[in-house]
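Trainee: sequence and predicted model, in that order:
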Amino acid sequence: MTWEEARDAAGPGSVAILPVGAIEAHGPHLPLETDVIIAQAMARAGAARLATRGLRVLVLPSLAYTSAGFARDFAGTLSLRPETVVAMVVDIAGSLTRHGYAALAIANAHLDPDHLASIETAVNQIRRGLRLRVAFANLATKPWALRLSDEFRSGACHAGQFETSIVLAERPELVRTSAMAALPPNPASLSRAIRDGKMDFEEAGGPRAYFGYPAQATAEEGRATVEVLGAILDEAVTAELA
Ligand SMILES: [Zn+2]
């Protein structure tokens, strides 16, 4: 968009969707930018649904860098300090408020605990300090997690069947399919490991930075999951604006 197009898109009924991802190790078969690709797909699918409600929706350039402490020791992972993440999200919200947007929606599928805590902190600061509605569906919490696959809910939700399927649907040329097909299942639960105080993928039982069942991924599942993610974003925004 040009600045004049962005000016005309603001005002009552305007929703700016910020895809938030990470640059982080995702097994031997997926690119570092996997969570950015997923967030962009969620944003696109959510925007299509919100537009049918008569809202003026735009998708912002992605926030690709964030906290990724669980992957910090894997090459290619570029992790930010939590306070940096909070400041970036709050500053983006401040600019949106200045320019008259009505709402910010965060499209996110990166589940690192420091990252999720940073986004929650930023959302709380925006609610306290800015005249801007903000919607954030934390997929690691109810009710949203209940809408996602068995593998996701088991906690084996990093670079497994769930995420690999979405990249197969969105950017198939980026999946190393022969590596993917050869990966043995890793049912270790990342969410349980986080509750048990583990601090990185290696400690959590994922020495190659993947969990779950990546060899079972399909583009068909990925397309279906993107629709569910879009519906979740749509519902979170609709509830926030109600
Ligand atoms: Zn991911």
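Mentor: On my side now, so go ahead.
Trainee: neighbours of whichever residue of the chain sits closest to the ion, just the number please.
Mentor: Closest to the ion within the chain is residue 35: 4.2 Å, counting by CB to the ion. All C-beta spots, glycine's among them, are computed from the backbone N, C-alpha and C. Using other CB atoms under 10 Å as the criterion, residue 35 is surrounded by 32 other residues.
Trainee: that one: what's it in contact with?
Mentor: Neighbour list for residue 35: 21-22, 24, 26, 109-110, 163 [criterion: CB atoms under 8 Å, 6 or more residues apart in numbering].
Trainee: repeat for residue 123
Mentor: With CB under 8 Å, 6+ apart, residue 123 has these contacts: 89, 106, 134, 136.
Trainee: the third one is in what secondary structure piece?
Mentor: I take that to be residue 134. Following DSSP states H and E, one finds residue 134 within strand 133-136.
Trainee: and the contacts of that strand?
Mentor: 93, 102-106, 108, 119-120, 123, 126-127, 233, 236-237, 239-241.
Trainee: ok, now with 6 Å
Mentor: 103-106, 123, 126, 236-237, 240 (CB atoms under 6 Å, 6 or more residues apart in numbering).
Trainee: show only the entries of these found in strands.
Mentor: Among these, DSSP state E puts 103-106 in strands.
Trainee: can you pick the most crowded of the residues you listed?
Mentor: residue 105 leads the ones in strands among the contacts of strand 133-136 on contacts (other CB under 10 Å) with 29 neighbours.
Trainee: wait, isn't that residue in contact with residue 237?
Mentor: Yes. Judged on CB atoms under 6 Å, residue 105 makes contact with residue 237 at a distance of 4.9 Å.
Trainee: by contact count, what packs against the longest strand along the chain?
Mentor: For the chain, the strand reaching the highest residue count under DSSP E is reported as strand 11-20. Counting contacts by 3 or more CB pairs under 6 Å, 6 or more residues apart in numbering; DSSP states H and E, strand 11-20 is packed against helix 34-51, strand 56-59, strand 101-108.
Trainee: send me the helix or strand in which residue 152 is found as PDB with only the CA atoms.
Mentor: In the assignment (DSSP H and E), residue 152 maps to helix 150-154. What follows is helix 150-154 as a C-alpha-only set of coordinates in PDB (Å, rounded to 0.1, in the frame of the first residue of the first chain):
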ATOM      1  CA  ASP A 150      -4.800 -34.200  18.300                       C
ATOM      2  CA  GLU A 151      -1.000 -33.900  17.700                       C
ATOM      3  CA  PHE A 152      -1.200 -30.100  18.500                       C
ATOM      4  CA  ARG A 153      -3.100 -30.700  21.700                       C
ATOM      5  CA  SER A 154      -0.700 -33.500  22.800                       C
END
